[in-house]
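> With the sequence up front, the predicted model follows.
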Amino acid sequence: MSRQDWHPDDCISPLIKSLPPSGIRRFFELVSQAKGVISLGIGEPDFATPWHIREASVFGLERGHTSYTSNWGMIELREEISRYLNRRYDLSYLPDSELLVTVGVSEAVDLALRAILSPGDEVLIPEPAFVSYGPCTLMAGGTPRPLITSAADEFRLTPETLEQAITEKTKAIILSYPNNPTGAIMPKEHLLPLVEILQNHNILVISDEIYSELTYEAQHSSIAGFSGMKERTLVLNGLSKAFAMTGWRVGYAAGPSEIIAAMCKIHQYTIMCAPTQAQRAAIEALRNGEPEMQRMIRSYDQRRRLIVKGFNDLGLDCFEPRGAFYAFPSITRTGLSSEEFAQRLLAEESVAVVPGNAFGESGEGFVRCCYAVATSDIEKALERIGRFVQRNS
């Protein structure tokens, strides 16, 4: 190749070129460029981080606590995480060897997949699913295998679907309940038959439980709590959603010491450590933040009932989400694809939602709507969506 023929695009990996941009972030960029838009698109609490949590970070800055922490995260934070998991979910992890502090759950997912996968390994991913699971699997050298769930089963993974998908190449499964984008949960009685199958096939579970505190009418159950599952489960969680700390970027992984150590090895070469002041804020949140957390959850529950009733009244059949803060209404009665619906709704009525196919092919015919926004905005959005649906039914 001559000097004049060189182009930077030639340097980019074919794998990276083949990955589509995040459907969530694409609509976020569209919204940021428009005025007067009501956004139901981004999964983020509309609450500011409680003041006492922010104050803990400010106090650390004032005292000059600005250096690196251990690659594993501050031992004080790991001890608080250990106590929190034991108190809330009856899970027991050693702070010094079975817990790793990460830059959000997003980094934890990436670390987990890179730590365990070899070329050709398959990862089962129940869909609709969060947008990063498939691409992160590919970038780690694995092969994502979607498992389709449906509204008829309340978007739960059935044992029949799981059993049929397992092959000799299956290395792991990513479970994400409460689920983004559907709001589905997996109660104990529905997890138990999955546990028996996973144990029979020696499959590692990567359990993304970032919405574990955001459940309504039922308490979250971690699959790691079942007999024989702790040693074959990685629990990933964080403070972004429950404590309104999305921008702080603090997550963690809990699991077998061997896998956690392998994840830390990658983490120390690529990230070093989560931000020091964010870790200090996280300590305060876990120690004293539960009252504010419960207040926010009660507010989300009120908004959940409002938006689900609103969609059903408009004739957009909406499964009742029992976790997270998303509604996932069907838009098939409009005859529009998910992409068409979302794009035209934004252009014609200035309401932003995320097309369901951003979460896998099985999400086609749905849109994701985050109800962690002001009640007045939900009411205005429903009014605008009603006009749009009336024109397109």
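Cool, got the structure.

> Please identify which helix or strand holds the closest residue to S92 other than its chain neighbours.
With C-beta to C-beta, 6 or more residues apart in numbering as the criterion, S92 has its nearest non-adjacent residue at 5.6 Å, and that residue is N86. For the C-beta atoms, the positions are set from N, CA and C on the backbone; glycine is no exception. Here N86, judged by DSSP states H and E, is contained in helix 75-89.

> Can you list the neighbours in contact with the next helix or strand after that helix?
Following the chain from helix 75-89 toward its C-terminal end, the next helix or strand by DSSP H and E is strand 99-102. Contacts with strand 99-102, where a contact means C-beta atoms under 8 Å, 6 or more residues apart in numbering, come from 69, 72-74, 77-78, 81-82, 93, 108, 111, 238, 250-254, 260, 263-264, 267, 271, 273-274, 279, 282.

> Strand partners (parallel or antiparallel) of strand 99-102?
strand 251-254 (antiparallel) (DSSP bridges).

> what's in contact with the strand it pairs with?
For strand 251-254, using C-beta under 8 Å, 6+ apart, the contacting residues are 73, 78, 81, 85, 91, 93, 98-108, 111-112, 210, 224, 234-240, 260, 263, 274.

> Check the offset of stretch 75-83 from the chain's centre.
On the basis of C-alpha atoms, centre = their mean, to the nearest Å, stretch 75-83 is displaced by 22 Å from the centre of the chain it belongs to.

> Just the mean pLDDT for that stretch, thanks.
Stretch 75-83 shows a mean pLDDT of 98 in the predicted model.

> How about stretch 318-334?
96.

> Regarding that stretch, how distant is the last residue from the first?
Using C-alpha to C-alpha, to the nearest Å, the gap from the first to the last residue of stretch 318-334 comes to 14 Å.

> show me where the protein has strands.
For the chain, the strands defined by DSSP state E occupy 38-39, 99-102, 122-127, 143-148, 170-175, 204-208, 233-238, 251-254, 326-327, 351-352, 354-355, 367-370.

> of all these, which gets the most neighbours per residue?
Scoring the strands of the chain by mean neighbour count under mean count of other C-beta atoms under 10 Å gives strand 354-355 as the most buried, with a mean of 29.

> and that strand, what does it pack onto?
In this structure, strand 354-355 makes packing contacts with helix 23-32, helix 338-349, strand 367-370, judged by 3 or more C-beta pairs under 8 Å, 6 or more residues apart in numbering; DSSP states H and E.

> Where does pLDDT dip in the stretch 151-300 of the chain?
Within the stretch 151-300 of the chain, no stretch falls below the threshold (pLDDT under 70).

> Report how many residues lie close to the residue nearest to S92.
A count of nearby residues for N86, using other C-beta atoms under 10 Å, gives 12.

> Can you tell me which of the strands of the chain is nearest to S338?
Taking C-beta to C-beta, strand 354-355 is the member of these nearest to S338, at 3.6 Å.

> what's the spacing between the closest one and its chain's center?
Centre to centre, stretch against its chain (C-alpha atoms, centre = their mean), the figure for strand 354-355 is 15 Å.

> Same question for stretch 128-139.
In terms of C-alpha atoms, centre = their mean, the centre of stretch 128-139 is found 11 Å from the chain centre.

> Quick one: end-to-end distance for it.
By C-alpha to C-alpha, one end of stretch 128-139 lies 20 Å from the other end.

> From T270, how far out is R295?
With the distance defined as C-beta to C-beta, to the nearest Å, R295 ends up 37 Å from T270.

> same thing with E217?
Using C-beta to C-beta, one obtains 40 Å as the distance from E217 to T270.

> Going by how many neighbours each has, rank the two and give me the top one.
Of the pair E217 and T270, T270 is the one with more neighbours under other C-beta under 10 Å, namely 12 against 9.

> which of the contacts of strand 99-102 are buried?
Buried residues within the contacts of strand 99-102, defined by neighbour count using 16 or more other C-beta atoms under 10 Å: 69, 72-74, 77-78, 81-82, 93, 108, 111, 238, 250-254, 260, 263-264, 267, 273-274, 279, 282.

> so who does W6 touch?
Applying C-beta under 8 Å, 6+ apart, we find W6 in contact with no residue.

> I misspoke; the intended subject was L162.
Listed by C-beta under 8 Å, 6+ apart, the contact partners of L162 are 124, 147, 173, 194, 197-198.

> Apply 6 Å and report the result again.
Applying C-beta atoms under 6 Å, 6 or more residues apart in numbering, one finds that L162 lies in contact with 194, 197.

> I'd like the numbering to begin with 35 instead of 1 from here.
From this message on, residue numbering opens at 35, which makes the last subject L196.

> so where do the helices sit in the chain?
Secondary structure of the chain by DSSP state H: the helices cover 48-52, 57-66, 85-96, 109-123, 138-150, 167-173, 193-199, 222-235, 291-304, 310-322, 324-347, 372-383, 409-426.

> Out of those helices, which is closest to G75?
Once the helices of the chain are compared by C-beta to C-beta, helix 57-66 is nearest, at 5.1 Å.

> now the strands of the chain in JSON lines, with distance to V423?
Putting those into JSON lines (distance: least, C-beta to C-beta, whole Å) gives the following:
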{"stretch": "strand 72-73", "distance to V423": "15"}
{"stretch": "strand 133-136", "distance to V423": "41"}
{"stretch": "strand 156-161", "distance to V423": "25"}
{"stretch": "strand 177-182", "distance to V423": "26"}
{"stretch": "strand 204-209", "distance to V423": "34"}
{"stretch": "strand 238-242", "distance to V423": "33"}
{"stretch": "strand 267-272", "distance to V423": "36"}
{"stretch": "strand 285-288", "distance to V423": "38"}
{"stretch": "strand 360-361", "distance to V423": "15"}
{"stretch": "strand 385-386", "distance to V423": "11"}
{"stretch": "strand 388-389", "distance to V423": "16"}
{"stretch": "strand 401-404", "distance to V423": "11"}
